[in-house]
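Colleague: Would you be able to build a 3D model of this:
(chains A, B and C)
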Amino acid sequence: MSKRFGREFYSRDVLEVAPRLLGQHLVRIGPDGMKSTYVISETEAYRGGEDLACHASKGRTPRNEVMFGEGGYLYMYLVYGMYWMMNVVTGHEGVPQAVLFRGLREASGPGRLTRLVGVDRNFYGEDLVLSDRIWIEESGSTPDYTAGPRVGIDYAGEPWKSMPWRFLMNL
DNA sequence: AACACGATTTCG
DNA sequence: GAAATCGTGTTT
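Modeller: Numbers count the residues shown, from 1 in each chain, chains lettered A, B, ... in the order given. You can find the predicted model right below:
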C-alpha cells in the first residue's frame, strides 16, 4: 500500500489541508537519485479571490495560473529576487487556493526550505500526486498545532492580515 | 521601455 | 536597521 496522498487529499478547502499537512512527510528524490524525507512543521493558507494576501486575488495571470486548477500541483514563485517559495494548490478547479510551505523540522523559513529540498521554478506545476521526484506521504501522526497571523502580508490590510491562517506544529 | 514592489534572509 | 536582487504586473 502506498502512503502517498492522492488527489482527494488536496481537493478540499485550503483551511482543512494546511493544518493537516503538519507532521506529514515531504519526500524528495534528488537529481542523484537520493531519497530525502522531511517533516512538515509550518504552513500557511492563501484562500481565493477574496483573500487580498493571496496572489490570485488580483486576477488570473501567467504566474498564478496553476492556482486556478485542481489541487495537488505546485505553485512556485520568486520573492525578493532570490528566494523560491513552494506552495501546493488545494480545492477545486476555478477556486484559487494554495498552501505555502513555511517550515520543515529540518529547516525553518520558506526560502531556506526550498534551498534545502532543492526546488525552484522547474517545479512550477509539478503534480504531487504523480511526480517521481517529489510528493507527500502520510506519516501516521496528526500533531497538535497553533494558529496565528500570516507573515509578511501586512499590505493586505484587515481583516486578511489578522486571519489566523498560519499553522505551526507544537513540539 | 521603464518602474515599483515584494508570502525573505543575512549581515552589521 | 538595511541591503541584496530579479521576475512579475502595471504604467508610459
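
Colleague: Quick one: name the residues of chain A near DNA strand B.
Modeller: A:44, A:46, A:53-55, A:75, A:78-83, A:85, A:87, A:98, A:100, A:109-113, A:150-153, A:155 (C-beta under 7 Å from any atom of the strand). Where C-beta positions appear, they are placed from N, C-alpha and C, glycine not excepted.

Colleague: ok, the strand of greatest length in chain A near DNA strand C or not?
Modeller: In chain A, with assignment by DSSP state E, the single longest strand is strand A:35-47. No: Strand A:35-47 is not in contact with DNA strand C by C-beta under 7 Å from any atom of the strand; minimum separation 14.4 Å.

Colleague: List the single closest residue to A:Arg20 in space, sequence neighbours excluded.
Modeller: In this structure, A:Arg20 finds its nearest non-sequential neighbour in A:Thr142, 7.2 Å apart by C-beta to C-beta, 6 or more residues apart in numbering.

Colleague: All the strands of chain A, in order from the start?
Modeller: Using DSSP E, the strands found in chain A span residues A:25-29, A:35-47, A:74-79, A:83-89, A:97-104, A:107-108, A:134-137, A:145-148, A:166-169.

Colleague: so what pLDDT did the residue nearest to A:Gly91 when sequence neighbours are not counted get?
Modeller: Closest residue to A:Gly91 apart from its sequence neighbours, by C-beta to C-beta, 6+ apart: A:Gln97 at 4.5 Å. Looking at A:Gln97, its pLDDT stands at 98.
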